[in-house]
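**Student:** any chance you could fold what I've pasted below:
(chains A and B)
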Amino acid sequence: MSRLYGEPIEVWVRDGQPAQFVWRDRLYAVREVQDHWVVAREWWKTSDADPGERRFWRVEAASGRQVGTYELRFDTAGDGWLLLRAWD
Amino acid sequence: MASFTHLHTASAFSLRYGTAFPEALVRRAAEHGMDALALTDRDGLYGAVKHIRACHGTGLTPVVGVDLALDGGPASRGRRGDPPRIVVLARSGGWGALCRLVTAAHHAGERGEPYVTPGMVAEHATGPDGEPLLVVMLGPRSGVGRAVAERRDDQARSLLAAWRSVVPDLVVEVADLYGYRDANIAARMAGLADSMGVPVVLTNAVRYLDAADHQVGDVLDAARKLVPLDGRHLDHPTAHAYLKDGAEMARIAARICGGDPGRAERLLAETRRVAERCALDPVGIVPLLDPVDPRLHLPETDADPVPLLRRRCEDGLGRRGLDRSRDARDRLAAELAVIERKRLSGYFVAVSGITDMIRSLGIRCAIRGSGAGCLVNYLIGIGEVNPLDHGLLMERFLSEGRRGLPDIDIDVESARRLDCYRAILDRYGEARVACVSMMETYRARSAIRDVGSAMGLPPHEIDVIAKAFPQVRAKQIRAALSDLPELRDSGLNDRSLQAVFRLAERLDGLPRHIALHPCGVLVGNSSLRERTPVERSLLDFPMSQFDKDDVEEAGLLKLDVLGVRMQSALAYSLQEIERVDGRRIDLDAVPHDDAGTYDLIRVSRTLGCFQIESPGQRELVAKLEPRTMHDLIVDISLFRPGPVNSDMVTPYLETRHGFREPQYPHESLREALRETNGVVVFHEQVLKVIDVMTECGLSEAERARRGLGTPEGREAVRAWFVPLAREKGFPEATVERAWHVLDAFGGFGFCKAHAAAFALPTYQSAWLKRHHSAAFFAGVLTHEPGMYPNRVILDEARQCGVEILPLDVNRSGESWLVERTGPVPPRRPGELRVDELGRGYGLRVPFSAVKGISDAEVARMVAGRPYTSLADFWERARPSRPVAERIVEVGGFDALHGLRPGEPRWRPGELTRRDLVAQVGALERASATGVTAGSAVQLPMEFTDRVTPGELPEMTEAEAVEAELAILGMDVSRHVMAFHGDLLDAIGVTRARDLLTCRNGAEILVAGVKVATQTPAVRSGQRVIFATLDDSTGPVDLTFFESVQGHTAATVFGSWMLVARGVVRRTGGRAVSLRALHCWNLVDLDWLWRTQGIDAVRAVLSETPAPGGGVGGRPVEYGNGFRVSPYSDNGAPPAAGEGRFLGRPGEPQRRLWHASSGSSGPTSGR
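**Tutor:** Just a heads-up that it's a prediction; the model follows:
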């Protein structure tokens, strides 16, 4: 079962893809990108000229010996990463 | 790495879907280093010619296809009800098949909703020998793609198998726009195709140039589907459908292929292979890309057209009495040489066949434009103007060095224009003829409407907001809000509307819908449908998907058949003269030197006349005082933005009236410029000046003249002209002076052939007004050829002594009828009494003027005359209840029942209009019961006829006029200003007829009904508002400069009846206008007067206006120094409205004043 988190994290990007991230003080190394998609924000509901888009990544990542699947989200307008959910 | 080719690209010509123009897409593809690009617009090839030209210009190989909706039965429809779509590309050599498929798709579907079936596609996909002509791409939106997305793999497999069995060149298209599961669907589609041996290509389903355009795309999705913006309604929830570069596309290929580099490379290679077999030959489709010897598409003629045309011209020489003229023979030989070298003989033969046919239908038909300068056109009877008589030149029409095709323009009666089209279609057959289309694009008002709906604003608010704007470009919306005083204070500048305006601006110039071009008709041969796709217009005419420029580029010859309302008005007037007076008049045979006609023009009594009725023209004719046809030709040519702006009018008038000697830059130019006293007025003169100074020949001179239109062009022409003229021995000062003339003239001015063609109906209309006033006004009121609404024309008729007769059910007809009302006063030659022009005649208001009346009702009413009572009328004419009530209210039964509006209002025992209105209600209830009872027996007349006369009060005169304005759109019984006479006298208003007695510079008050507002381009670069008021004694012309618009603009645009304070400007012997200082809404003043008395009115009139801001906006500056306000009408001459259809004169009659496109719309209820 996956659990929802929605917590801000720090991510290192390589070749346009997340390579490592730090969540709850632990370093995770991305082993495989399983899926990647994008959702444009409903810009007409905001007053911003460019509300940007949300980029989703579903990755398999390892921290030490523990391997799990994680969903990360990058918000282009806020320029910040969230860890949305985890299967571990 | 070899470059990527986008095979699925929608441009802005995918209506309400695409966001980028073909040229921009091609430029971007070239920047990405791509060597080919496909254009696959939705539902048509509207942008194909522009795409191919742009590709040719940048060295890209063009690929063209179409994105079509598929009708494969109800099962294939998606969940949201939108049909699946496929993309069909033309293989090299498959252009004709693609055109035919698009034509077939439009033929199969409803108008605006074309579709294909797999069977139709299969039918066009192979040639006669089985060679494939089209590539069919099945993408994520096809039935196959949808089945894969919904995990119905068996269905996907069987659909793909079905396609493979009927289409030889079939590919599966995968795309990944980074939407949820996009990559997954693409991978599984590729897997399915691989397993069945169908090639797979990669596209990006492009509809944006940049990712940032997706907001515009979202708005277009909502506008197209008529829904508010919501995630559910969007076609592409991500912003990734933009023209990505090769590297990005390679990354997508890798994503889809799960990181398998070999598979990704195979996907890209297959995409390239498809692009290679779809490479089109640009010159084959757009022949004019070959400037030397374009392969034109010529009409068929029965025999070899070259000897045929020669023989016809020879016959023409004899018929026109020119067979002994050396000039004519030389000119003919020169013209035929050019025509034959360009292989255009067949075109001339075909056009003369068409004009003969139009005339044989009894339709007035005249040549217009540069074609009048061609002797061949005169000899073979296309036109009636002899170019040798007027010094007109062939080179302006067709010349050796000119790229492009000649274009013959024909004017016909507007009311019968469509008859002409039908006749041409019948004669040549649908396969060979098509009308030309044009794209209506988003402008401020339409953009606000569509964005407003998408953002969910209430419809009535959208309507108010949109109408508040003048007809400006969408991208000027926010600038207009801050620049224009009437908008600045309107409350529209609210923050909540900012998002709407910001988006509306981004729709600027995008095509919105396709429409029939007002005049272009393609005349071709039986292979026309291989060269252009054809759809059906609203009126069911076959219509090419190409606009007039594309048609020419595609080497298709066209004829412009323009409907001119004035021609219809003239024809109607002649018909009324014959009916009433029994006189047949051959208008074309009327001598052109009638002093009475010129007298009428010189006192600027020209309201209703062709071309010379606007305030500016009334001022100009008063100054110019035309006495001959040539004067009229000059007058018409001078009243253009170019001549007005470069101030050619003043020097011409000064030399004309002898205040100044004519000046010629050089003696050798005297011949060319003598007819206009040394001022360059006509294009033909520019050609002659260039030719005289450089000896380059007229063809070359015409090429140079075309260059004068742009600043860069002028520089180039100068660099060529000046040294060449010096070489020919002209002194430097002369060359400079001559160049100055050419430079100032710019690309403006007027083709004399065109002006000569215009001057004829101008003179004819003035002649009719002078000698047959009532019939003239009947024609003008019926066909509405001019800028003024009918109530203005009606008042002019009244001032000319014509009696205005109210609607009468027993005398009114379908359109305006002339009646004899008394003896005609004897004509005293040499004296013009305007108020006696129409004495002895009346004009009868027609049934068709009644608001909301249908054609069928009018026909029944006319056929049923005479009527014996209202009940009889109700019974036999069967009007709707509101129409019957309206007819009563405007006095249609006054004569029959002896009614008379006015005091006393209570007349016991006497029938009133209101009694009759009540009776209409009773009649309706009676007939309704009769029907519901199912009884065939009519109720006895006496029962329904029983009303108690005098039970209800009669209408007052004021109420009667109010009803006339509301129902007929004009004040028939009295002038509406008549009710304000007391107030106007009390505040000391000067009447129009007394203006001539005012001294120059006097400050006076005037008043009247607003007749017109115009904001033409003027020399200073200001937005100047010209307003014309009518106070029942004549027109009052007011000029509002920017300095007073801050406190007046909203009132000028927003009121119907005005009081204005202004300074008298005497501009000529008979010409007076006012520079306005302030103005007020007369209705407000009247209310103030009634409630608070005259002192309150005086107090308002003497207030000093609060200093308001003027008009903002940077004037557009032209190279030769003159400036034009961005809010002026863009130089459209008063005849710009000529292209309109003559519909039923239903709605336009509710139009109470004329507003030019630069004027703001109604800002208040009136």
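
**Student:** how far away is the spatially closest residue to residue B:602 that is not a sequence neighbour from residue B:640?
**Tutor:** The shortest distance from residue B:602 to any non-neighbouring residue, by CB to CB, 6 or more residues apart in numbering or on different chains, is to residue B:625 (4.8 Å). (Glycine included, C-beta is placed from N, CA and C.) Separation of residue B:625 from residue B:640 (CB to CB, to the nearest Å): 20 Å.

**Student:** quick check: residues of chain A near chain B?
**Tutor:** Contact residues, chain A versus chain B (CB under 8 Å from any CB of the partner chain): A:16, A:35-40, A:42-44, A:47, A:49-50, A:53, A:55-56.

**Student:** which of those has the most neighbours?
**Tutor:** Taking other CB atoms under 10 Å in any protein chain shown as the neighbour criterion, residue A:40 ranks highest of the residues of chain A next to chain B with 23 neighbours.

**Student:** is the residue in chain A positioned nearest to chain B bridged to anything, and to what?
**Tutor:** With CB to the nearest CB as the measure, residue A:38 is the residue of chain A nearest to chain B, at 4.0 Å. According to DSSP bridges, the residues that bridge with residue A:38 are residue A:55.

**Student:** residue B:42 too?
**Tutor:** Counting by DSSP bridges, residue B:42 is bridged to residue B:67.

**Student:** returning to what we had before: got the confidence number for the residue nearest to residue B:602?
**Tutor:** Confidence at residue B:625, expressed as pLDDT, is 92.

**Student:** which residues in chain A form strands?
**Tutor:** With strands called from DSSP state E, chain A shows them at A:3-14, A:17-23, A:26-40, A:53-63, A:66-75, A:80-87.

**Student:** okay, those in CSV with mean pLDDT and distance to residue B:84 next?
**Tutor:** Converted to CSV, the strands of chain A look like this (pLDDT from 0 to 100; distance: least, CB to CB, whole Å):
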stretch, mean pLDDT, distance to residue B:84
strand A:3-14, 91, 36
strand A:17-23, 93, 34
strand A:26-40, 90, 23
strand A:53-63, 91, 27
strand A:66-75, 92, 32
strand A:80-87, 91, 34
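
**Student:** take the ones you listed and lay them out in CSV including distance to residue B:1051.
**Tutor:** As requested, the strands of chain A are exported to CSV (distance: least, CB to CB, whole Å):
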stretch, distance to residue B:1051
strand A:3-14, 58
strand A:17-23, 64
strand A:26-40, 46
strand A:53-63, 48
strand A:66-75, 51
strand A:80-87, 54
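
**Student:** among the ones you listed, which comes closest to residue B:91?
**Tutor:** Smallest distance to residue B:91 across those (CB to CB): 34.6 Å, for strand A:26-40.

**Student:** and that closest one, what other elements does it pack with?
**Tutor:** Other helices and strands packing on strand A:26-40, by 3 or more CB pairs under 8 Å, 6 or more residues apart in numbering or on different chains; DSSP states H and E, are strand A:17-23, strand A:53-63, strand A:66-75, helix B:182-196.

**Student:** returning to what we had before: so how many other residues sit close to the residue nearest to residue B:602?
**Tutor:** 20.

**Student:** any idea how far it lies from chain A?
**Tutor:** Here the criterion is CB to the nearest CB, to the nearest Å. By it, residue B:625 lies 59 Å from chain A.

**Student:** ok, now which ones touch residue B:29?
**Tutor:** B:6, B:37, B:60, B:243 (CB atoms under 8 Å, 6 or more residues apart in numbering or on different chains).

**Student:** in this structure residue A:80 contacts residue A:7, no?
**Tutor:** No. With contact defined as CB atoms under 8 Å, residue A:80 and residue A:7 do not form a contacting pair (11.1 Å).

**Student:** ok, what's across the strand from the residue nearest to the spatial centre of chain A?
**Tutor:** Taking CA atoms, centre = their mean, the centroid of chain A lies closest to residue A:72, which sits 1.6 Å from it. Beta-bridge partners for residue A:72, by DSSP bridges, are residue A:57, residue A:83.

**Student:** contacts only, for it.
**Tutor:** Counting by CB under 8 Å, 6+ apart, residue A:72 has contacts A:9, A:11, A:18, A:21, A:56, A:57, A:58, A:59, A:81, A:82, A:83, A:84.

**Student:** how about the residues of the stretch 101-250 of chain B that lie near chain A?
**Tutor:** Counting by CB under 8 Å from any CB, the stretch 101-250 of chain B sits next to chain A at B:178-184, B:212, B:214-215, B:218, B:229, B:231, B:237-240.

**Student:** now the buried members of these.
**Tutor:** Among those, those classed as buried by 16 or more other CB atoms under 10 Å in any protein chain shown are B:178, B:179, B:182, B:183, B:214, B:215, B:218, B:229, B:237, B:238, B:239, B:240.

**Student:** okay if I get the residues you listed as TSV plus pLDDT and secondary structure?
**Tutor:** TSV is the format used below for these (pLDDT from 0 to 100; DSSP: H, G, I helix; E, B strand; the rest coil):
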residue	pLDDT	secondary structure
B:178	91	coil
B:179	89	coil
B:182	91	helix
B:183	90	helix
B:214	87	helix
B:215	86	helix
B:218	89	helix
B:229	84	coil
B:237	77	coil
B:238	84	coil
B:239	86	coil
B:240	90	coil
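
**Student:** farthest pair in these?
**Tutor:** Once CB to CB is applied, these give B:183 and B:229 as the farthest pair, at 26.6 Å.

**Student:** quick check: which element contains residue B:419?
**Tutor:** helix B:417-428 (DSSP states H and E).

**Student:** list the buried residues for that helix?
**Tutor:** So helix B:417-428, judged by 16+ other CB under 10 Å, has buried residues B:417, B:418, B:420, B:421, B:423, B:424, B:425, B:428.

**Student:** run the chain-centre distance for stretch B:866-879.
**Tutor:** Mean-position distance between stretch B:866-879 and its chain equals 41 Å (CA atoms, centre = their mean, to the nearest Å).

**Student:** quick one: residues in contact with that stretch.
**Tutor:** For stretch B:866-879, using CB under 8 Å, 6+ apart, the contacting residues are B:809-810, B:853, B:857, B:860-861, B:864, B:884, B:887-888, B:893, B:896-897, B:916, B:919-920, B:923, B:927, B:941, B:944-945.

**Student:** which residues touch residue B:293?
**Tutor:** Taking CB under 8 Å, 6+ apart as the definition, residue B:293 has no contacts.

**Student:** the residue nearest to residue B:602 and residue B:658, how far apart?
**Tutor:** With CB to CB as the criterion, residue B:625 and residue B:658 are 12 Å apart.

**Student:** wasn't residue B:815 part of a strand?
**Tutor:** No. Per DSSP: H, G, I helix; E, B strand; the rest coil, residue B:815 lies outside any strand segment and is coil.

**Student:** my read: it touches residue B:843, true?
**Tutor:** No. Assessed by CB under 8 Å, residue B:815 is found out of contact with residue B:843, at 10.7 Å.

**Student:** I'd like to know which helix or strand in chain B has the lowest mean pLDDT.
**Tutor:** helix B:941-945 (a mean of 48; mean pLDDT, DSSP states H and E).

**Student:** could you list the residues in contact with whichever helix or strand comes after that helix?
**Tutor:** Toward the C-terminal end, the helix or strand that comes next after helix B:941-945 (DSSP H and E) is helix B:957-968. Applying CB under 8 Å, 6+ apart, the set of residues contacting helix B:957-968 from outside is B:791, B:807, B:845, B:849-851, B:886, B:889-891, B:901-902, B:955, B:970-974, B:976, B:979, B:1149, B:1152.

**Student:** among those, which are in helices?
**Tutor:** By the criterion of DSSP state H, membership of the contacts of helix B:957-968 in helices covers B:791, B:886, B:889.

**Student:** and the closest residue to the first one other than its chain neighbours, how far from chain A?
**Tutor:** Nearest non-adjacent residue to residue B:791, counting by CB to CB, 6+ apart: residue B:970, 3.5 Å away. In this structure, residue B:970 and chain A are 46 Å apart, going by CB to the nearest CB.
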